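Engineer: dropping a prediction and its sequence here:
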Amino acid sequence: MCPFCYIGKRKFEDALSRFPDKDKVEVVWKSFQLDPSIKTNLSLSLTEHLAASKGWSIEQTRQIQSQVVNMAAEVGLNFDFDRAVVANSFDAHRFIQLAKTQGLGDAAEEELFRAYFSEGKNTADHETLVQIGIKIGLVEHEIRQVLESDAFASEVQQDIYEARQIGLRGVPHFVFNDRYSVSGAQHPDTFLGALNKAFAEWKQTHTPTDHSADSGASCSVDGVCE
């Protein structure tokens, strides 16, 4: 639900595409909620919601949204805030946690971002999540079982707790090998610099005689997004 998370994802992907050892990088998406108290409300526009929650005027809110739309366009994204649905993200985060168990976390993130920012879909709606899940390769009955229960709720809460423990209050936030971090939708070169630094140190602990370097071990990047 944070536009800068989607923009930041694209900028990070730009950097990763130019990173020589990208095949050794594992990206893990973490859950976060900027405002857990948000209630899904189909009768309220996102513009009205932001104006009320931030204390902005409608005109000021639209100006800020226009600036964000332009920022998104610069990285090839089409934002349509007029269609966006005010929705609580907790079930969507549980859905992402399910997708992660099958190596589909990134695909789930991408489709949810597109659904929310570009397609005007209600990402709190279970049928919407089921259709997104089927699209990325999840099994329908497994998605429904998760959504109709409290499955993966603890995983979402654990991610949020860990983020709070390191003092994180905003997103996006990228952590490289638990050592270096980049906050915000930074320039791709900033992400590339962090990748290079983290990977150089990672290589020092994975020498040619260390067979773990050839058995699926990877330099990790944790992306925290709403």
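Structural biologist: Looks like it arrived, so ask away. Numbering: from 1, shown residues only.

Engineer: so where's the chain shaky on pLDDT?
Structural biologist: 207-218 (pLDDT under 70).

Engineer: need the helices for it, in chain order.
Structural biologist: Using DSSP state H, the helices of the chain run over residues 3-17, 46-54, 58-74, 90-100, 105-117, 126-136, 140-147, 153-165, 188-204.

Engineer: quick one: the fourth one to helix 126-136, angle?
Structural biologist: Between helix 90-100 and helix 126-136, the angle comes out at 20 degrees (axes from the mean of the first three to the mean of the last three C-alpha atoms, to 10 degrees).

Engineer: give me the domain ranges for this protein.
Structural biologist: 1-32+168-226, 41-85, 87-152 (automatic domain parsing).

Engineer: relative to residue 158, which of these is closest?
Structural biologist: domain 1-32+168-226 (8.5 Å; C-beta to C-beta). For every residue, glycine as well, the C-beta is placed using N, CA and C.

Engineer: just to revisit the earlier point, looking at the domains of the chain, which is buried most?
Structural biologist: Ranked by mean neighbour count, the domains of the chain are led by domain 87-152 with a mean of 19 (mean count of other C-beta atoms under 10 Å).

Engineer: end to end on that domain, go ahead and measure it.
Structural biologist: Using C-alpha to C-alpha, to the nearest Å, the end-to-end distance of domain 87-152 comes to 19 Å.
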